[in-house]
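A.B. asks: Show me the folded form of this:
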Amino acid sequence: MPASKPNFLWSMLTMKCPRCRRGPMFNTANHWNLKKVFDMPTHCPECGQKFELEVGFWYGTGYVSYALSVALSVASFVAWYVLIGMSTKDNRFFWWLGINIGLLIVLQPWLMRLSRVIYLYFFVRYDANYKTKSPTKFDY
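C.D. replies: Numbers count the residues shown, from 1 in each chain. Below is the predicted model:
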């Protein structure tokens, strides 16, 4: 019986390889170990997919990280506005701003890793036959 296809979103959030959706993309699971936040194997241990497709490949993750940070800020602003509200007569906006800055600082290592995963998912597709077929240089 063939193995079921892993869920796209769950594989992305658990930071699995985009080609097999089973192999881990990072050496350590701890996002907040700042010395090892970007430690990645060169290839997926499960399917052999190369993670850094070309020299300087990860520079594009800055755009993804920026978009994730903006999306998180907008979501926290909407939640704050709906739950607490905004007013010019008190300091509610500055309270939201401080909490949002703290949230972004605390979540930044996770956002940087997630941006690498999302960026690689743009270029590498899922391959159900990853066990029998070797990865190409650019598997997209």
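A.B. asks: remind me which residues of this structure are low pLDDT?
C.D. replies: Scanning the chain with the threshold set as pLDDT under 70 gives 1-3, 136-140.
A.B. asks: what residue lies at the spatial centre of it?
C.D. replies: L114 (1.3 Å; Cα atoms, centre = their mean).
A.B. asks: I'd say it and M25 touch.
C.D. replies: No - between L114 and M25 there is no contact under Cβ atoms under 8 Å: 10.3 Å. C-beta coordinates here come from the backbone N, C-alpha and C atoms, glycine included.
A.B. asks: quick one, what contacts the residue of the chain most remote from its centre?
C.D. replies: Within the chain, the residue lying farthest from the chain centre (Cα atoms, centre = their mean) is K89, at 38.5 Å. Listed by Cβ atoms under 8 Å, 6 or more residues apart in numbering, the contact set of K89 is empty.
A.B. asks: Also N30?
C.D. replies: Contacts of N30 (Cβ under 8 Å, 6+ apart): K36.
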